[in-house]
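Novice: Sequence below, structure please.
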Amino acid sequence: MILRLLLKNRAGSGSAEFALVLPLLLVFLLGIVDAGRWMWTYNQAEKATQMGARMAAVVNPISSDVTASYLGACSPALTQGDLIPASCFTTITCTAGSCSSGTVDDDSFTKVVDRMRLFLPTLTEENVAIEYTGSGLGYAGNPNGPDASPLVTVKLGTPATPLEFRPITSVLILTMNMPSFTATLTTEDMAGQQSN
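Specialist: Numbering: from 1, shown residues only. The predicted structure is shown next:
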């Protein structure tokens, strides 16, 4: 008789159903929050990369070889006023404290990264790579500035040092790698100390 009464009693069914649905509801809500945080961080990283390229295009070059003279360089040898072909400029990649060629201007690299941190505060120097490649712009022996005007590419989040994102739903244990971001501009006079 008591067993029959317990089976017919529905007084706690709402609480039991709520207890079953609550974890799923919380994961769903926190997932929506994580998706918003992902998009926010993605936008911050994208804007930081764009500002890094703008800053790198106007400040002193990170590698001393970017402003090298091209008189007598290449094959055939260039003379005063000759257009510098893109193939004559070797690609130079700079990371925190090192460049593939030339001496490193750590102060200029830090200026670029500091400007990027205004958009992505969690950024570290290890996440940034700056690359100079030939653009075909520039004249050998230019008396008014650097001979070449290379393309400068800022890369944020390399495969070796990716940007990490920690979702709330993982209880801060799991991290996800964000994609790499790149932005490219043609360098300007490369003699500035700041960008607009």
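
Novice: Just give me the residue closest to the centre of this protein.
Specialist: residue 156 (2.0 Å; Cα atoms, centre = their mean).

Novice: Quick check on that one: phi, psi?
Specialist: phi -120, psi 120 (degrees, to the nearest 10).

Novice: Same question for residue 44.
Specialist: phi -60, psi -50.

Novice: And for residue 154?
Specialist: phi -100, psi 130.

Novice: Roughly how far does it sit from residue 116?
Specialist: Between residue 154 and residue 116 the distance is 8 Å, computed by Cβ to Cβ, to the nearest Å. In short, each C-beta sits where N, CA and C put it, glycine included.

Novice: Now the common contact residues for these two.
Specialist: Common contacts of residue 154 and residue 116 (Cβ atoms under 8 Å, 6 or more residues apart in numbering): 49, 52, 128.

Novice: Against which helices or strands is the strand or helix carrying the first one packed?
Specialist: Under the criterion DSSP states H and E, the helix or strand holding residue 49 is helix 13-58. Using 3 or more Cβ pairs under 8 Å, 6 or more residues apart in numbering; DSSP states H and E as the contact criterion, the neighbours of helix 13-58 among helices and strands are helix 106-117, strand 128-133, strand 151-156, strand 164-165, strand 181-186.

Novice: what would the ones you listed look like in a markdown table with distance to residue 22?
Specialist: Shown next, in a markdown table, are those (distance: least, Cβ to Cβ, whole Å):
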| stretch | distance to residue 22 |
| --- | --- |
| helix 106-117 | 40 |
| strand 128-133 | 43 |
| strand 151-156 | 39 |
| strand 164-165 | 26 |
| strand 181-186 | 38 |
